[in-house]
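> the sequence isn't on hand, but the structure is:
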């Protein structure tokens, strides 16, 4: 450990100590004294490159909400910046993607045209060693990844980081399982490493890790409601078995025989009723005998479905929001800590009197700040604004508070401003430009699109019952051609008013323009192939597409073009904006669902592969037979076989994913409970109930809570936006959602955390 500070201010101010003495000395061309450093700093000279590099890395850590507890010597910083570069992180993400998609190609392969048990024919099965070779390369890259991470943070930090320790253990287990698989020539049924693969996705996303931690902390509150829900199920199960007991007359036993024959069947029936999937089927046999039995099922649904399930949603929203707010607060602390650490590293020893006691204040020269900003990798818009503010300082020195305020720009809402409109000298052209830029022009365009859509709807109604040979394409072709000419005129006028750059800066304009050009190409190709339309126009096929296929494609594009009205309707725009923000900024929550899907799909393939036998008449010729076949007529109504759910199975990974989706929707999920309990085991219901809890109960409610938070934030913001803000494109991050509830750490808290840095020691002398 060095005993000489890298940066030492006058009068025993803060000093910065690095962790690797030899590395720092090797970067220097000669001995560096604290006196010379102070002198150069006080005259606004250049700091050495190591200090600038350290400050730049700390600022990048702050921008990305990364921890600053990593090595700070020159070689380590170069490795650190390379590791977190966009190219390296994309390569790592690609590796994770590759190892995850291996499940589609490994045995049992998903490379078949259909997953239907009657017609499934695998096109290609990989030979032993092919997929395993790709997996081995991915595992080697992950080993390099964990080695680099462990080196950068050091052994002491590694022992404190549970995710890195788990990363190492998962790699060890996966490598061992891979060697066992190769030793058995890929014939083993269970491969543990497949279930562990989603961990690589989890550990690579800090927000996913925070989400998972918050979810784990929310589970006790969720468990309390789930316990109440279980008591509700058990109580009504006992009442149902007493109420619908077996009667002496076999004709009156339909309710008992179908839904309440024993405890497992009764529990399953009421659990499915809780999701409304078998309502009103479950009550019909009893209700047909006595209308009073309906009170039992109505009471059960009111308490369970409408009270307890909604209470569960409220608890998930409240508790998870609190824990997520705490995690986001940690991210804000990381940002403040990174910025303050960069300032301490850059501190030049500028001293000015502050206060009546003549205490010393630490300063950084403006030129040094500008030097560092040139090295920092960040958004060009943010960098430009921060540099502009730094140059605006009247003095040549920047205090810690001013340095922090500089980087408040990072927390500002990301607004994309549009280019300036072209200026015309002619007063007439200026008036035309003003008219075209008015909102009413957009309303006229929306009205025209609506009229066009009505015309298409009328044509569809008139031709609905006519065969293709009797249709008249004159009306549709004339209408589409006329409106396409209008769309071209509208696009040209917008380009005139906004300029080509201004026109392209609006995503709605790009969307309209692209569809307009495609429609124009379709109309021109139709004219070239079939000539000009006339009454009774219905030509034969001349080109790649028939006339009616061309018209149908054009009509579908016009329907999509109708979406342009969304930004002009405030509430609709808020809903659409909330959905876009969820897609852009809340990918981590979708990632948690991907992990759940992956794990349950792999487990489902292991447990239920080939459990459901294919029907005896599974021939290719039966693919086009009518559903109401004589064989199906003998099957019990509502079963897997009678409904022909043959494509829904766990015979390969892709089929398992689709089956899990159908189960998450919970429509007719009792069909899957029944068929797998018959062909696999009655205990298989535990698997499906667990998936229902994870997906339909926890994750869907969690996602609903986040949609509410996002929408409420946008709704509140919409009433405080100026017109110019509404014209700009606003993108919201997770931090923006909770910004009003976040608190920045105090200076004492930041300095105390800096003292605890394992590789950069800051010592304070007497003032």
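Looks like it came in fine. Since we're looking at a predicted model, the values are computed, not measured. Numbering: from 1, shown residues only.

> the closest residue to residue 420 other than its chain neighbours and residue 425, how far apart?
Closest residue to residue 420 apart from its sequence neighbours, by C-beta to C-beta, 6 or more residues apart in numbering: residue 502 at 7.5 Å. (C-beta placed from N, C-alpha, C; glycine too.) Between residue 502 and residue 425 the distance, using C-beta to C-beta, to the nearest Å, works out to 18 Å.

> list the contacts for residue 236?
Residues in contact with residue 236, defined by C-beta atoms under 8 Å, 6 or more residues apart in numbering, are 270, 296, 300, 304.

> that's a helix at it, yeah?
Yes: with DSSP: H, G, I helix; E, B strand; the rest coil as the criterion, residue 236 is located in a helix.

> and the pLDDT at it?
pLDDT for residue 236: 94.

> next one: it from residue 260, what distance?
Here the distance between residue 236 and residue 260 works out to 11 Å (C-beta to C-beta).

> residue 381 now?
Between residue 381 and residue 260 the computed distance is 65 Å (C-beta to C-beta).

> so the two - more neighbours on which side?
Taking residue 381 and residue 260 together and counting by other C-beta atoms under 10 Å, residue 260 has the greater number of neighbours (25 against 14).

> residues contacting the more buried one?
Neighbouring residues of residue 260 by C-beta under 8 Å, 6+ apart: 240-241, 244, 266, 269.

> just give the number of residues close to the nearest residue to residue 511 once chain neighbours are set aside.
Distances taken as C-beta to C-beta, 6+ apart place residue 564 nearest to residue 511, at 7.1 Å, with adjacent residues excluded. The burial count assigned to residue 564 is 17, neighbours taken as other C-beta under 10 Å.

> residue 91 now?
Close neighbours of residue 91, defined as other C-beta under 10 Å, add up to 11.

> and it, that's in a helix?
Yes: applying three-state DSSP, one finds residue 91 inside a helix.

> hang on, the earlier thing: so residue 502 and residue 425 - more neighbours on which side?
Set side by side, residue 502 and residue 425 show more neighbours around residue 502, with 18 against 6, by other C-beta under 10 Å.

> quick check: residue 591 touching residue 204?
No: proximity of residue 591 to residue 204 does not meet the contact threshold set by C-beta atoms under 8 Å, at 9.5 Å.

> quickly list what's touching both of these two.
Residues touching both residue 591 and residue 204 by C-beta under 8 Å, 6+ apart: none at all.

> got the buried residues for the host helix or strand of residue 285?
Element membership for residue 285, per DSSP states H and E: helix 284-289. Going by neighbour count (16 or more other C-beta atoms under 10 Å), the buried part of helix 284-289 is 284-287.

> about what we covered before: mark which of the contacts of residue 260 are part of strands, please.
Members of the contacts of residue 260 lying in strands (criterion: DSSP state E): none.

> from those, which is closest to residue 52?
The closest of these to residue 52 turns out to be residue 269 (C-beta to C-beta; 70.0 Å).

> what comes into contact with the helix holding residue 285?
Residues external to helix 284-289 that are found in contact with it (C-beta under 8 Å, 6+ apart): 244, 252, 254-255, 258-259, 280, 293-294, 296-297.

> which of the residues you listed sit farthest apart?
For those, the farthest-apart pair by C-beta to C-beta is 252 and 280; their separation is 19.0 Å.

> could you report the distance from the spatially most central residue of the chain to residue 699?
In the chain, the C-alpha closest to the average C-alpha coordinate belongs to residue 587, at a distance of 1.4 Å (C-alpha atoms, centre = their mean). According to C-beta to C-beta, residue 587 stands 14 Å off from residue 699.

> please apply the same query to residue 249.
From residue 249 across to residue 699, the span is 46 Å (C-beta to C-beta).

> so between these two, which is more surrounded?
Regarding residue 249 and residue 699, a neighbour count based on other C-beta under 10 Å identifies residue 699 as having more, with 20 against 7.

> hey, where'd the helices end up in the stretch 151-300 of the chain?
Using DSSP state H, counting those that start in this stretch, the helices of the stretch 151-300 of the chain run over residues 162-183, 192-196, 198-203, 206-243, 254-259, 263-274, 284-289, 294-301.

> and residue 495, which of those helices is closest to it?
Closest of the helices of the stretch 151-300 of the chain to residue 495 is helix 206-243, at 40.1 Å (criterion: C-beta to C-beta).

> buried residues, that closest one. List them.
Within helix 206-243, the residues that qualify as buried by neighbour count (16+ other C-beta under 10 Å) are 206-212, 214-215, 217-218, 222, 225-226, 228-229, 232-233, 236-237, 240-241.

> one more: stretch 187-200?
So for stretch 187-200, counting by 16+ other C-beta under 10 Å, buried means 191, 193-200.

> so what's the gap between it and the chain middle?
Averaging C-alpha coordinates over stretch 187-200 and over its chain gives two centres that are 24 Å apart (C-alpha atoms, centre = their mean, to the nearest Å).

> kindly report the same for stretch 660-671.
On the basis of C-alpha atoms, centre = their mean, stretch 660-671 sits 23 Å off its chain's mean C-alpha point.

> and that stretch, end to end?
From its first residue to its last, stretch 660-671 covers 13 Å (C-alpha to C-alpha, to the nearest Å).

> got the contact list for it?
With C-beta under 8 Å, 6+ apart as the test, stretch 660-671 has contacts from 268-269, 272, 275, 277-278, 597, 600-601, 604, 638-640, 643, 645, 648, 672, 688, 691-692, 695-696, 700.

> low-scoring pLDDT stretches of the stretch 1-150 of the chain, where are they?
1-47 (pLDDT under 70).

> now swap in the stretch 451-600 of the chain and tell me
Flagging of the stretch 451-600 of the chain using pLDDT under 70 yields the residue ranges 468, 538-549, 566-586.

> where do the helices sit along it?
For the stretch 451-600 of the chain, the helices defined by DSSP H, counting those that start in this stretch occupy 474-504, 507-530, 547-561, 570-585, 587-608.

> dump those to TSV, plus distance to residue 75.
Putting these into TSV (distance: least, C-beta to C-beta, whole Å) gives the following:
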stretch	distance to residue 75
helix 474-504	44
helix 507-530	44
helix 547-561	54
helix 570-585	35
helix 587-608	32
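
> for these, which one sits closest to residue 747?
Each of the helices of the stretch 451-600 of the chain was checked against residue 747 via C-beta to C-beta, and the shortest separation belongs to helix 570-585, namely 30.4 Å.

> pLDDT of the helix holding residue 285, averaged?
Helix 284-289 shows a mean pLDDT of 90 in the predicted model.

> state the pLDDT value of the residue nearest to residue 54 when sequence neighbours are not counted.
Excluding its sequence neighbours, the residue lying closest to residue 54 (C-beta to C-beta, 6+ apart) is residue 345, at 4.8 Å. Residue-level confidence at residue 345 comes out at 86, pLDDT.

> need the three-state assignment for residue 345.
Here residue 345 is recorded as helix under three-state DSSP.

> correct me, but it touches residue 57?
No: taking C-beta under 8 Å as the definition, residue 345 is not a contact partner of residue 57, at 9.4 Å.
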